[in-house]
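In: sequence first, then the predicted structure, then my questions.
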Amino acid sequence: MIRKTVLAAALAAASVAPAAAAPTIIGVEYLERVYGGCYNASMCVVKGTAIPAGKTLFVTDVSCVVKIAPDQTLLTLDLASRKADEAYTGLSAALQPQYMGITSVRYYQAHQQMRFVVFPGEKPVIDVIKSKAPGDNFADCTIVGVLK
């Protein structure tokens, strides 16, 4: 029983709910800032807001700043989408992060133009995977697109 509780707590910690307010929508223009972190986890999922029924989000740009522990390497940074039951849709778009330097943490930055679709009821998510679990794993991203 203790093992299940510990596993559930670890999985909850590795997946972060949106830390910002609802997305900004002006006409069909969509902008959402998603950010969060997962301490001592090699994979961190930062979740956006579910797309409303009857609407589809066409993502055009994603920008991210990622902080990880100084002795680690960023392996994957991508935009994906999840269904209401948290299952991945199987679609993702890789971002091309650039190493920006090291202080007490290692910084990466990415800006990617793309065409990525998030369907009604799904939510955009940013996946951050680093080389080892210990230490920081933090992402601050902006998702821009058209909501039709």
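Out: Cool, the structure landed.
In: tell me where the model's unsure across the chain.
Out: Counting by pLDDT under 70, the ranges of the chain that qualify are 1-21.
In: which SSE is the residue most central in space within it in?
Out: By CA atoms, centre = their mean, the chain has its centre lying nearest to residue 126, at 1.7 Å. Following DSSP states H and E, one finds residue 126 within strand 123-130.
In: so what touches that strand?
Out: Here strand 123-130 makes contact (CB atoms under 8 Å, 6 or more residues apart in numbering) with 32, 34, 38, 42-51, 57, 59, 62, 64, 66, 68-69, 72-82, 92, 118, 137, 139, 141, 143. Any C-beta I mention is one placed from the backbone N, CA and C, and that applies to glycine too.
In: so which residues of this structure form strands?
Out: Assigned by DSSP state E, the strands in the chain fall at 15-16, 24-26, 29-37, 43-47, 57-68, 74-82, 88-94, 98-102, 106-118, 123-130, 137-147.
In: please identify the most buried of those.
Out: Stretch with highest mean neighbour count among the strands of the chain: strand 123-130 (a mean of 23; mean count of other CB atoms under 10 Å).
In: okay, now the sheet partners of it, with direction.
Out: strand 43-47 (antiparallel), strand 74-82 (antiparallel) (DSSP bridges).
In: what sits against the nearest residue to residue 124 once chain neighbours are set aside?
Out: Closest residue to residue 124 apart from its sequence neighbours, by CB to CB, 6 or more residues apart in numbering: residue 48 at 4.1 Å. Contact partners of residue 48, counting by CB under 8 Å, 6+ apart, are 18, 23, 32, 34, 123, 124, 125, 126, 143.
In: TSV for those residues, including distance to residue 102?
Out: Formatted as TSV, the contacts of residue 48 follow (distance: CB to CB, whole Å):
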residue	distance to residue 102
18	28
23	32
32	29
34	24
123	32
124	29
125	27
126	22
143	27
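In: cool, thanks, signing off.
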